[in-house]
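K.L.:
whatever this is, show me its structure:
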Amino acid sequence: MHTTQLLLRSGLTVAAAALPLALTATPAAAVSGISVSTTGSTVSVTTSACTQVNGSWGTASLLNSSQANFSQGRQVALSGTSNLQSAAWSSVSAGTYTVIVQCANNTTAGTQSVIVTPVSTPTVSPTASPSRGVMGGMGGTTKDYGTLTLVAGGTLVGAGALATAWFLRRRSKPYRL
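P.N.:
Residues are numbered from 1 along each chain as shown. Below you'll find the model as predicted:
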C-alpha cells in the first residue's frame with residue numbers, strides 16, 4: 001500500500017513538471033516560417049528564417065498540383081535583408097499551388113499551399129452620348145411657370161402661415177365661458 005501511494009505521488013509530480021513543457025511545445029509540421037499571399041495573378045512569399053550564405057538567402061519554388069518536388073517548380077531567388085526575405089511569381093494561372101522556401105544553408109523555412117483565383121477583367125463597351133445633354137432640375141421644376149402662378153403660390157403659402165399662427169395663438173389662451 002505504501003509503495004503504490006509513493007508511485008502515485010511520484011507520477012503526479014512528474015506529470016505536473018512535464019505539463020508546462022507539453023503546452024509550450026508545438027509540432028514541427030504545424031509551424032511554418034513563411035507567409036504566402038496572392039494579389040491577382042501574382043504570388044509572393046516572405047520569411048525571416050533564412051540567413052545569408054555566400055551572398056545568397058536561398059530559393060523559393062512554386063509547385064503546381066502535378067509537380068512533386070522542389071526542383072520541378074518555378075524557382076525564384078530570395079532577396080531582402082536579415083530581417084525579411086521575399087520572392088514573387090507573376091502571371092500565375094488560376095489553380096492550387098504549393099510554395100516551398102529553401103534557405104541557402106539547405107534548411108527548409110516552410111511549406112504552404114495557396115489558391116490563385118482567376119482574375120476577371122471587365123469588358124468596356126462604348127455607349128451613345130445623349131443628343132440633347134443631361135436634363136437638370138428638381139422634379140417638375142424643369143417647366144417655366146409664369147409670374148401669375150408664382151404669385152398665387154406665394155399667396156397660398158403666406159395664408160397657410162397666417163392661419164397656423166392664428167390657430168396656435170388662440171389655442172394658448174385659457175378657455176372662458
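
K.L.:
this protein: strands as residue ranges?
P.N.:
Using DSSP state E, the strands of the chain run over 34-39, 42-47, 58-63, 74-77, 79-80, 85-89, 95-103, 108-116.

K.L.:
for the ones you listed, which one sits closest to Gly158?
P.N.:
Smallest distance to Gly158 across the strands of the chain (Cβ to Cβ): 64.2 Å, for strand 34-39. From N, CA and C alone the C-beta is placed, and that goes for glycine too.

K.L.:
buried stuff in that closest one?
P.N.:
Within strand 34-39, the residues scored as buried using 16 or more other Cβ atoms under 10 Å are Ile34, Val36.

K.L.:
just to revisit the earlier point, looking at the strands of the chain, which is buried most?
P.N.:
Of those, the one with the most neighbours on average (mean count of other Cβ atoms under 10 Å) is strand 58-63, at a mean of 23.

K.L.:
among the strands of the chain, which is nearest Gly153?
P.N.:
Nearest to Gly153, of all these, is strand 34-39, at 59.4 Å by Cβ to Cβ.

K.L.:
how far off strand 108-116 does the closest one point, in degrees?
P.N.:
Angle, strand 34-39 to strand 108-116, by axes from the mean of the first three to the mean of the last three Cα atoms, to 10 degrees: 20 degrees.

K.L.:
summarise which helices and strands strand 34-39 is packed against.
P.N.:
Under the contact criterion of 3 or more Cβ pairs under 8 Å, 6 or more residues apart in numbering; DSSP states H and E, strand 34-39 touches strand 42-47, strand 95-103, strand 108-116.

K.L.:
contact partners of that strand?
P.N.:
Here strand 34-39 makes contact (Cβ atoms under 8 Å, 6 or more residues apart in numbering) with 43-47, 49, 92, 99, 101, 109-112, 114-117.

K.L.:
of all the strands of the chain, which lies closest to Thr164?
P.N.:
Nearest to Thr164, of the strands of the chain and by Cβ to Cβ, is strand 34-39 at 62.6 Å.
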